[in-house]
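model the structure of this input:
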Amino acid sequence: MSGDARVFNNMETRAVIKFFLQGKAPKEIHAILTETLGEHAPSYATVKNWVAQFKRGDFSTCDAPGPGRHKTVTIPEIIDLIQELIMEDRRISAKSIAEQLGISRERVESTIHEDFYMRKLSAKWVPKCLNDDQKRQRCQSSEQLSEFFRRNPNDFLSRLVIMDETWLYHYDPETKQQSMEWRHSGLPRPKRFRVQ
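As a prediction, this is how the structure comes out:
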């Protein structure tokens with residue numbers, strides 16, 4: 001007998017036990033299976049449990065459905081709904097998605113990580129947030145300074161007065177946890193401007 005033929009799956013093993021059920025004790029059935037299958041034979045306790053189940057009148061050799069949620073949560077419609085919720089609000093939590101869709105948070109997280117290759121990142125600090133007018137004004141100031149330097153390079157630094165801006169905030173607009181967003185791997189982190 002070849003090595004592959006000596007390996008039975010669970011259903012085949014149960015069918016053999018069911019076949020030998022008439023007139024043989026669990027020990028005899030286990031001995032036959034051990035002689036035939038060698039190290040791949042089920043344990044004596046397994047054979048004994050299946051013999052008892054068959055004697056109770058349950059002749060099914062199939063696996064009983066396991067505990068937990070059905071696989072319906074990984075259907076394409078649910079995956080599309082998860083993606084739609086993330087695209088509407090990248091800061092949505094996995095718990096919130098799970099509550100809205102009626103599935104487990106672990107299933108939501110595994111879908112996000114394994115199907116979308118996304119992870120939740122907090123924003124990184126950048127020095128200052130400038131609006132378009134402030135950026136334009138800084139460009140104009142730089143051009144003026146450059147022109148002054150071209151006119152008189154020797155006297156440039158002695159005539160220059162430097163001033164610094166100070167920004168004051170009454171509160172920090174959001175915490176690190178609040179700034180977290182779902183991002184695809186490889187995309188840059190979101191930015192959060194430093195309060196100085």
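
which residue is nearest the centroid of the protein?
residue 113 (2.7 Å; C-alpha atoms, centre = their mean).

OK, contacts around that residue?
Neighbouring residues of residue 113 by C-beta atoms under 8 Å, 6 or more residues apart in numbering: residue 119. Any C-beta I mention is one placed from the backbone N, CA and C, and that applies to glycine too.

can you say which helix or strand has it in it?
According to DSSP states H and E, residue 113 maps onto helix 105-114.

same for the longest helix along the chain, what does it pack against?
The helix that spans the most residues within the chain, counting by DSSP state H, is helix 132-151. With contacts defined as 3 or more C-beta pairs under 8 Å, 6 or more residues apart in numbering; DSSP states H and E, helix 132-151 has no helix or strand neighbours.

so after it, what's the next helix or strand?
Per DSSP H and E, helix 132-151 leads on to strand 181-184 as the next helix or strand towards the C-terminus.

and the helix or strand hosting residue 87, what other elements does it pack with?
Per DSSP H and E, residue 87 falls inside helix 76-88. Using 3+ C-beta pairs under 8 Å, 6+ apart, the elements in contact with helix 76-88 are helix 94-101, helix 105-114.

mind putting these in JSON lines, distance to residue 23 included?
Below are the helices and strands packed on helix 76-88 laid out as JSON lines (distance: least, C-beta to C-beta, whole Å):
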{"stretch": "helix 94-101", "distance to residue 23": "54"}
{"stretch": "helix 105-114", "distance to residue 23": "48"}
